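> Fold the following and give me the result.
(one chain, ligands or ions: 1)
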Amino acid sequence: MRFTRILRSSAAIAMLALGIGFSSAMAAGPAQFNDKGELLLPQNYREWVMVGTQVTPDELNDGKAPFTEIRTVYIDPESYAHYKKTGEFRDGTMTVKELVSVGDRKGPGSGNGYFMGDYIGLEASVKDAKRFAKEPGYWGYYIFYVPDMPLVAAAKHLPTAECAACHEKHASQDLVFTQFYPVLRAAKATGLSGVKAPH
Ligand code: HEC
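Just a heads-up that it's a prediction; the model follows:
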């Protein structure tokens, strides 16, 4: 009897300690940081929810677009589920933007266009009210690689002016470019993750 009570109370203390440690260390969510505060390269993000893809070709930008690549944006599944329910980005939300070069311009049967080439970059953002208490919307921004830069296993938090400023000014909701993400817009209005056939 006594022994079980001791066991129970030590288990409770251990859980309490873990709980306190966990909650003060970080927001819920998939982002992992090293002891230098750098964001670790996310794993398996291609299994997350894809929210939108953009392309800004040179041809539509006087021959030289600021970004010529095709960009696909993902959000972590739990934050997507939260967004679908509440229409808000929860503390701990993480997004990943993958950059892909434009490859072929002739499609067999589908016409001329911009077809995906190779992976050439990866950026991420994390919303964390404790870690980024001083940043607009509590978002932190990171680059793992872009053309002419090697891929890193851990990325440094980038200055507000370099990333957050444009997001704060131009993005539709909470520094996220929801105006370009039909998947999020549809989920927010209806809680749907697919399309609905008319009755
Ligand atoms: C001049 C404006 C501008 C600046 C500066 C900027 N972004 Fe963005 N960002 C965009 C736009 C527009 C999108 C929408 C998707 C797209 O077109 O790529 C976006 C989308 C993103 C996304 C996807 C989630 C979201 O918030 O919509 C991430 C991640 C991201 N940017 C990271 C960065 C990082 C890292 C930096 C700094 C190195 C940065 N951005 C600087 C305009 C900007």
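> Which pLDDT value goes with the nearest residue to residue 141 once chain neighbours are set aside?
The spatially closest residue to residue 141, leaving aside those adjacent along the chain, is residue 163, at 3.6 Å (C-beta to C-beta, 6 or more residues apart in numbering). C-beta coordinates here come from the backbone N, C-alpha and C atoms, glycine included. pLDDT recorded at residue 163 is 98.
> and residue 163, how many residues sit next to it?
Residues lying near residue 163 (other C-beta atoms under 10 Å) number 20.
> The protein against the ligand: which residues are in contact?
Within reach of the ligand by C-beta under 6 Å from any ligand atom, the chain has these residues: 54, 71, 73, 95, 97, 123-125, 141-143, 158, 162-163, 166-167, 171, 175-177, 180.
> now the strands for this protein?
39-40, 49-55, 70-75, 94-102, 106-107, 111-112, 116-127, 139-145, 154-155 (DSSP state E).
> Next, count neighbours for residue 64.
7.
> who's in contact with it?
Applying C-beta atoms under 8 Å, 6 or more residues apart in numbering to residue 64 gives the contacts residue 58.
> how far away is it from residue 57?
Distance of residue 64 to residue 57, computed by C-beta to C-beta, to the nearest Å: 10 Å.
> same deal with residue 50?
Applying C-beta to C-beta to residue 50 and residue 57 gives a distance of 21 Å.
> before we move on, what about residue 136?
30 Å.
> quick one: terminal-to-terminal distance for stretch 60-75?
One end of stretch 60-75 sits 28 Å from the other (C-alpha to C-alpha, to the nearest Å).
> just how off-centre is it within its chain?
When distances are taken as C-alpha atoms, centre = their mean, to the nearest Å, stretch 60-75 is centred 18 Å away from the chain's centroid.
> That concludes my questions; thank you for your assistance.
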